[in-house]
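Student: Have a look; sequence and predicted model below, questions after that.
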Amino acid sequence: EADIYQTPRYLVIGTGKKITLECSQTMGHDKMYWYQQDPGMELHLIHYSYGVNSTEKGDLSSESTVSRIRTEHFPLTLESARPSHTSQYLCASTGGTSYEQYFGPGTRLTVT
Amino acid sequence: KNQVEQSPQSLIILEGKNCTLQCNYTVSPFSNLRWYKQDTGRGPVSLTIMTFSENTKSNGRYTATLDADTKQSSLHITASQLSDSASYICVVSDRGSTLGRLYFGRGTQLTVWP
């Protein structure tokens, strides 16, 4: 099993709250990614990073922001949660020239 | 438009039976094709990765095939087990950028009954 962790695993929060979803990996991977996945639908890339201090927006527009201050840590923040943010958020990482992308267990977010 | 289409959308089989899942893609240029297994409420786990030059790859009871000419792939599961119940996702990577952009299918939901 890959050494990539996400917390919390489940989160129920009210509208307007600020939340941070944590993602950490211990594999020393330079590339990290955030995906959003709704039930029965494909994964959509919302943010990615090639390394420290490098972040880019993905294909799916998202009101979330990310930071990459340390190689192993790639948190995602929602400043003001809304019901439309209800979804599963998956973090992934890739190292060097490898094709292999390792996924974390995901955070299931519900905004009421 | 780069797309990945999977069929069937869902499949129910009895334990011990074999099954084959299909993936058609229009991604170009092509770098590699991956099959992932995603258990409910978990992140995807890689089963196989195939590049242009590979047309078959096995991982235990899972065998993936790739026809880069027709842009089709299949995942064959042999002697299914209850633990095979999951969503199987086909993912294609292009060669057009340093990111190696990934295109995801919606998955085939496999249920194995005892």
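Tutor: Structure's in. What do you need? Keep in mind it's a predicted model, so treat the numbers as computed, not measured.
Student: for the residue of chain B found nearest chain A, what are its contacts?
Tutor: Chain B approaches chain A most closely through residue B:43 (3.3 Å), counting by C-beta to the nearest C-beta. Quick note: C-beta positions are derived from backbone N, CA and C, even for glycine. By C-beta atoms under 8 Å, 6 or more residues apart in numbering or on different chains, residue B:43 lies in contact with A:4, A:6, A:90-92, A:103-106.
Student: Tell me what the closest residue in space to it that isn't next to it in sequence is bridged to.
Tutor: Nearest non-adjacent residue to residue B:43, counting by C-beta to C-beta, 6 or more residues apart in numbering or on different chains: residue A:103, 3.3 Å away. Bridge pairing for residue A:103 (DSSP bridges) gives the partners residue A:92.
Student: Could I get the contacting residues of residue A:103?
Tutor: A:2, A:4, A:90-92, B:36, B:43-45.
Student: tell me the SS of residue B:83?
Tutor: Secondary structure of residue B:83, reduced to three states by DSSP: H, G, I helix; E, B strand; the rest coil: helix.
Student: Quick one: neighbours of it, just the number.
Tutor: 10 (other C-beta atoms under 10 Å in any protein chain shown).
Student: residue contacts, it?
Tutor: residue B:112.
Student: Would you reformat the contacts of residue A:103 as a markdown table and include distance to residue B:85 and secondary structure?
Tutor: Shown next, in a markdown table, are the contacts of residue A:103 (distance: C-beta to C-beta, whole Å; DSSP: H, G, I helix; E, B strand; the rest coil):
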| residue | distance to residue B:85 | secondary structure |
| --- | --- | --- |
| A:2 | 21 | coil |
| A:4 | 24 | strand |
| A:90 | 20 | strand |
| A:91 | 24 | strand |
| A:92 | 23 | strand |
| B:36 | 15 | strand |
| B:43 | 17 | coil |
| B:44 | 15 | coil |
| B:45 | 14 | strand |
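Student: Residue B:67 is in contact with residue B:56, isn't it?
Tutor: No - with contact defined as C-beta atoms under 8 Å, residue B:67 does not count as touching residue B:56 (10.1 Å).
Student: Identify, from the contacts of residue A:103, the entry nearest to residue A:36.
Tutor: Minimum distance to residue A:36 across the contacts of residue A:103 is 7.7 Å, recorded for residue A:90 (C-beta to C-beta).
Student: and that closest one, what pLDDT?
Tutor: On pLDDT, residue A:90 comes in at 96.
Student: Pull the number of nearby residues for it.
Tutor: Neighbour number of residue A:90 under other C-beta under 10 Å is 25.
Student: In its sheet, which strands sit next to the helix or strand bottoming out on mean pLDDT in chain B, and in what direction?
Tutor: Ranking every helix and strand in chain B by mean pLDDT, DSSP states H and E puts strand B:102-104 at the bottom, with a mean of 91. The strands that strand B:102-104 pairs with in its sheet are strand B:86-93 (antiparallel) (by DSSP bridges).
Student: Many thanks, have a good one.
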